[in-house]
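Enquirer: Please find the sequence and the predicted model below.
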Amino acid sequence: MNINGGIRSMVEYTPKQKTFLFQKGRIFILVGVVILSFLVYTVYLFSLQVVNGYIYKKRAEDVARRVITIPVQRGEIYDRRYDVPLVLNIDSFAVDIIPGELNEENLSDVIHDLSQLISIPEEEIRKKIPENYRHIFRPIEIKDRVPFETISYLAERINDFPGVTWHSKPIRSYLETDSISHVIGYVGNITLEELQVLYNKGYDVRAVLGKNGVEKEYDMILRGQEGKRFRTVDVKGRRVEEEDDGEEVPPVLGKNIVLTIDRNIQEICEKALGARMGSVLVLKPATGEILAMVSYPWYDPNLFYTEEGQNVYTKLSLDPQFPFLNRTIQSTYAPASVFKTIMSVAVLEEEAFPPDRKIVCEGSIIYGDRVFNCHKKTGHGPLDLRAALAESCDIYFFTIGRDYLGIDRIIDYSKKFGLGESTGIDLPGEVKGLVPGPKWKESVFHTKWLGGDTMNNSIGQGYLTVTPLQLANTIAAIVNDGVIYKPHVLKEIRDPISGKILETTEPKVLLNTSIRKETFKKIKENMRSVITEGTAKVVITTDAVKIAGKTGTGEVGLKDRWNSWFAAYAPYNAPNPEDQIVVVVMVEASNEWEWWAPKAANIIFQAIFAHQTYEEAVETLEAWYMLPTTRFQE
Amino acid sequence: MRTRSLFGFDLILFFSTMALLIIGILFIYSSSVSSTGIVFSREYIRQIIWAGTGFILVFTVIFIGYDRFQPWSPYIYASSVLLLIITLLFGQPINGAKSWLGILDFGIQPSEFTKIAVILFLAGYYTRSRNRMQYPSHFLIGFFIILIPVFLVLLQPDMGTAIVYIPIFLIMSFVGGVPVRYVIFVFITGLLLIILSLLPAWQDHIVERDIPFLTIVDNPTFIQYSLLSLGVITLTALAGYFLMKKKYFYWIIYVFLIVFLSLAGSSIARMVLKEYQIMRLIVFLNPGVDPKGAGWNIIQSITAVGSGGFFGKGFLKGTQSHYRYLPQQSTDFIFSIISEEWGFLGGFLVFSLFVTIMIRGLLIIQTIKDSYAVLVGSGVVAMLLFHFVVNIGMAMGIMPITGIPLFFLSYGGSSLWTAMLGIGLLLSIHLKRYSY
C-alpha cells in the first residue's frame, strides 16, 4: 500500500526521521497545553464558585427576588366628635406598563390601543417609557384614576395588551369640603423634588403624599407603612412558586386622625364669614385646640382628582384671591386697634401711666411735622385707660406709647404675647408676622426709628403685622392669665380598626408671659367694657353669653375700606376656664365695608352658646342684615 | 485482523464520551424544565436520538477505518466546500446567520462537519507532501486549504465557527512538523490582528477614555502611511535577502510582515465587522458596560456558575436557569447550568472527562507510527481543545462570546455528530495502532 511505503520511507529517511521524532515531542507539548488549560480552568472555576461563590449566590437571589409592595389604606380624618369621617378613600385604579414585556414589534400597537382605551395621547405614554426604560421589568404608572369599567375591559382583553397591568390606587374623597379644606389639605403624586428629600424616609416614586394641611403635616401617620412581599420571579417578572415565598414585611395601616375641629362650629363660622375674603378662628384657650379655622376663599380638593385636576389646580394657583392661602396662619395684617389690648397690659404691668389718669382727646395731635388723627375726628374728650380701650381712642395710645412706654417696652410686650414668632401650630406654611423696632428699621430701611413710628405702632399700625392666629393667642393669654397653649388641630390618633386612641395631644405651654394676675383681671374688665359701653356695643347684641373683646379697623390705603378685626372671648368671668372660647374674625379691606368682623362674631357666639345653627342664631338675633349674601339666599 | 483489534477497543475514551453525553442529555432536560416544573421542550429527546445515531456514526467510522478516508479526503473536502456554498445560497437564516441547511424538518450545519473534512484533507495533504515540510509554500497551501471554508463560513456570517479552523490548522501544522517559526508567524499575526481590530472598540466601550497610542492606530491616514512604509521595508528586506543571502534580512521580513498583515487585516476587519459583533467579542472584559444588552448573557452566566458553589444547587434546582435568566442554556451556556446545579464538583467532572478524552487522544497518536493518523488525531484533539477552552471560558466570563458550542454537551445534532465523528476517528486510530 502506498501509505505503508510512505511510512517506511519516513522512518528510513534520516532527516525525516529527525522530523518524526520532533513531532512526538510536539505531541507532548500539546499534552502540556491540555493539562495547563485544565489546571487554569479548574483553579478559576474554584475561585468563581467556591471562593467568591457567596457574591454570586447573593446576586442570584437578588435578581430572582422581587419586592412586591402591599399597598395600605391611608388613614381617615375625623372631626372632634369622631363619628363621621371628613375624608375617606375611594377605590380607584392606575394603569401601568411593564416596558420589558414589550418588544419593538408590539410596542407601537400596545401604545396606540392603550391610548385609545384610557384616552391619553400616545406621546404622553411614550414619554413615560423612554428608550432607556425599555428593558425594565418594573411597572411604570401611565395613568391613575382609571375607572373600574376600563380595568375590567382591560382584564378581559389582556392578551391584546401585553405588558399592560394595573394596580389599586385609592383616591381621597373629601366629604366635608368648603372651608375645612384649608385644615385638611389634599394629597397628590410625589414630585421628583419631594422624592429627593423624602426618599430616605421610605417614600418611593409611586408614592402619594399629603401636599397641604393635616394631610401633609401628618403624612407619615396617615400613610402607614407599605408592606413588602418577596416573590421569586423569572426573567419576565412572572411569579414563580416557591416554598419560602411567604416571607414578608407586614404593612402598617395608616392611622386615623381626629381633629380638634368641631364641624358645627366650623360651619357656623363659615356661614358667618360668608363670601368675604377673610378668616375666622375659634380657639379653646384652656388647651390650645382649634375648634374652627375658616379662611375664604377655599377650594374643593376633590376637583384635583378628576380628569381636569391639573387644570383646576393651575387655575386655583393663579387665582388673585389666593384660594390656597390659609389666611388664619399664612397671611399677616396690621392688628390695628386690637393691639391696644397689649398696650393696655403693658401700661398696667409696667405702671407706666396711672390707669385712672385721663388724657384729653381733641381728635388729633401734631408730632413733628405730621398730624396724627384719632378715628373720631371730633375727639373723645378726656379718657382713662378703660375708656380709651372701650372707645379705642388713638390719641390716648399715641401719647402713652410715645411718652410713657417707649418702643422697647412695646416690643417687649408684643413678644411676650408671641407676636413675630411662629405659634408652632401643626399645620404647614405658617408665617411669623413682624414686630418692628429701631434695629429692624435700621437694617431694612437704613433710617432711624422715629417717634412717629412708635406712635403708629402703638395703635397697631405701621410695620407691625400679625396673623389672626397670633391675635387669637394674645386673647388666649389674657383669658389664661398669661399662659398660651400651643395651638393645634390634632386631637388624637386612633387605630383604624379598633378605634382605640393611640395618642392624644396634651396641652403644651407655648409661652408664659409672667405678667401679674391683677393686670389681666383689669384688662378683662376693660375688654368687657368694649362690649358693654364701647365700640362694639351696638353690634354685639347676643344675650347668649357675656363677651369681652376688642375691635380693630386697619388702614390699608384703600378709600372707605378697612380691614375689620374682632378678637374676643366668652364667657366673660367663667368659673370653668374649659368653657371659654376665643373667637378672632378678620375681614379683609378688599370686601365692601360692612364692619363685618364684630357682626360675624356676634352670630358665632350666639350660635355656639345657645347651641343653635347659624340660621337659628340669625333669627334669634333678628339680624336679617346678616343674610344678604347670595350664598345663603337660595 | 479487524476482529483481533476489537479487543483493543479504547474503553477510557469510549466511556468518557458516554459520560459526557449522558450529562449533556440530563442538563438539556434540566434546561427544558420550567420553574413551575413543566417540561416545555422536547430537546432532550432529540438529543438522545442524536446521541444514539452518533454512536452509530462512531461504529461506522471504526468499521470503515480512519485510513480508508485518506484517498477520499479531497472529495470529502470538495463536497463540504460545495455544501458551504449551497448553504450560503439556499441556507435558512437563523439568528442572522445562514449556517443551516434544511432538508424537510431536519436541519444541519455544514460548517460543523466541514471541520472533520478539513482535518481529513489537511492531514492527507501534509502526509503526501511531508518531504516539503520545511518550505513556506507547503505551509501556505495548507493555510489556503483552511482559508476556503473559513472564508465561506465568515460570509454566513458565523465568526465563531470560522475561527475554529485556525487552531486546528496551527496545531496540525505544529504536530505535522512545520517549522515552529511559521506556526508562530500565523499565531502572532492572528493574535495581533484580533487585538488591533478590537482595540478601538475596547477603548470606546470598556475603558471609555482616550488612550493616545490607540487613537493613532484608529487613524486611517496613519494606517495608510504605516502600511506603505512597512511594505517598502519588507520589499527592501526581501530584495536584500535574495541579493545578499543574509539571515537577518529574513527576520526583518518576518517581523515587518507580521505587523503589515495584522495592521492591514485589522483595518479590513473593522470595516467588515458590525458594531454588535465587536461588542460581543470584547464585552466579557467588562460586562457592566452593557448589562442589558451584550453583557447580559455574560453576567447571567457568571452569576449562574458562581452561585452554584461547591456542591451546586441540586439537579433541576438552579434558579438562574429555571427562572430563565440564563440564555441559550441548552446550547452555548450548557456549562453554566451544569455548574449551577452540580457546583464545582460537576464542573470539575466535566473538565476531567474532557481532559481525559483529549489526553487519551494525544497518547493514542503518540504511540502510532502512521503520520496520517497522527495528523488526523491531532486535528480532532485541537478541535476539541479549542471548543472546550472557548466555550467554558465564555461561560466563566473570561472568553468572548463566540457562539461556539461545547462538544458532547450542547444541544444540537450537527455539533454532536461532528464530535462523534472525531471520537470515531480516534477510536479507529487506537484500534489500528498495531496495523502499521
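Expert: Everything's here; your move.

Enquirer: Under a three-state scheme, what state does the one residue in chain B that gets nearest to chain A occupy?
Expert: Per Cβ to the nearest Cβ, B:Gly306 is where chain B lies closest to chain A, at 2.6 Å. In this view, the C-beta of every residue, glycine as well, is placed from N, C-alpha and C. Using DSSP: H, G, I helix; E, B strand; the rest coil, the secondary structure recorded for B:Gly306 is helix.

Enquirer: Read off the pLDDT value for it.
Expert: Listed pLDDT for B:Gly306 reads 91.

Enquirer: any idea how far A:Ile268 is from it?
Expert: 72 Å (Cβ to Cβ, to the nearest Å).

Enquirer: Might you list the low-confidence residue ranges for the stretch 51-200 of chain B?
Expert: Where the stretch 51-200 of chain B drops to pLDDT under 70, the residues are B:94-96, B:103-106.

Enquirer: oh sorry, the question was meant for the stretch 501-634 of chain A
Expert: Scanning the stretch 501-634 of chain A for pLDDT under 70 picks out A:623-634.

Enquirer: Tell me, how many residues neighbour the residue in it that chain B sits nearest to?
Expert: Minimum separation of the stretch 501-634 of chain A from chain B (Cβ to the nearest Cβ) falls at A:Leu502, amounting to 42.4 Å. Counted with other Cβ atoms under 10 Å in any protein chain shown, residues neighbouring A:Leu502 total 13.

Enquirer: Which secondary structure element of chain A has the lowest mean pLDDT?
Expert: Using mean pLDDT, DSSP states H and E, helix A:2-12 stands out as the lowest-scoring helix or strand of chain A, at a mean of 40.

Enquirer: on that earlier part again, the residue of the stretch 501-634 of chain A closest to chain B against A:Leu253, yeah?
Expert: No. Counting by Cβ atoms under 8 Å, A:Leu502 stays clear of A:Leu253, with 11.3 Å between them.

Enquirer: pull the longest strand from chain B.
Expert: Criterion DSSP state E: the longest strand present in chain B is strand B:97-103.

Enquirer: Tell me the predicted confidence for B:Gly393.
Expert: For B:Gly393, the predicted pLDDT is 94.

Enquirer: swap in the one 3 residues further on?
Expert: The confidence metric pLDDT takes the value 93 at B:Met396.

Enquirer: I'd say it and A:Ser47 touch.
Expert: No. The criterion here is Cβ under 8 Å, and B:Met396 misses it with A:Ser47 at 9.8 Å.

Enquirer: neighbour count winner among the two?
Expert: B:Met396 (24 against 14).

Enquirer: quick one, what contacts that one?
Expert: A:41, A:44-45, A:48, B:301-302, B:305 (Cβ atoms under 8 Å, 6 or more residues apart in numbering or on different chains).

Enquirer: Closest to A:Ala387 out of these?
Expert: B:Ile302 (92.8 Å; Cβ to Cβ).

Enquirer: before we move on, the earlier item: take the contacts of B:Met396 and keep only those in helices.
Expert: A:41, A:44-45, B:301-302, B:305 (DSSP state H).

Enquirer: Just the buried ones among those, please.
Expert: Buried by 16 or more other Cβ atoms under 10 Å in any protein chain shown: A:41, A:45, B:301-302, B:305, out of those.

Enquirer: Need those residues in CSV (columns: distance to B:Val186).
Expert: Output for those, formatted as CSV (distance: Cβ to Cβ, whole Å):
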residue, distance to B:Val186
A:Tyr41, 25
A:Leu45, 30
B:Ser301, 31
B:Ile302, 32
B:Val305, 33
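
Enquirer: quick one: which of the residues you listed is nearest to B:Arg360?
Expert: Closest to B:Arg360, out of all of those and judged by Cβ to Cβ, is A:Tyr41, at 18.2 Å.

Enquirer: sec struct for A:Asp412, please.
Expert: Look at A:Asp412: counting by three-state DSSP, its state is helix.

Enquirer: Burial check on it, number of neighbours?
Expert: 15.

Enquirer: Please, where are all the helices along the stretch 301-436 of chain B?
Expert: Under the criterion DSSP state H, counting those that start in this stretch, the stretch 301-436 of chain B contains helices at B:319-322, B:334-367, B:371-395, B:413-431.

Enquirer: Adding mean neighbour count, write those helices out as CSV.
Expert: Below are these laid out as CSV (neighbours: other Cβ atoms under 10 Å in any protein chain shown):
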stretch, mean neighbour count
helix B:319-322, 27
helix B:334-367, 24
helix B:371-395, 26
helix B:413-431, 25
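
Enquirer: Out of the ones you listed, flag the one nearest B:Leu83.
Expert: Nearest of the helices of the stretch 301-436 of chain B to B:Leu83, taken as Cβ to Cβ: helix B:413-431 at 11.5 Å.

Enquirer: Please name every helix or strand in contact with the closest one.
Expert: With contacts taken as 3 or more Cβ pairs under 8 Å, 6 or more residues apart in numbering or on different chains; DSSP states H and E, helix B:413-431 sits against helix B:11-31, helix B:43-64, helix B:110-128, helix B:334-367, helix B:371-395.
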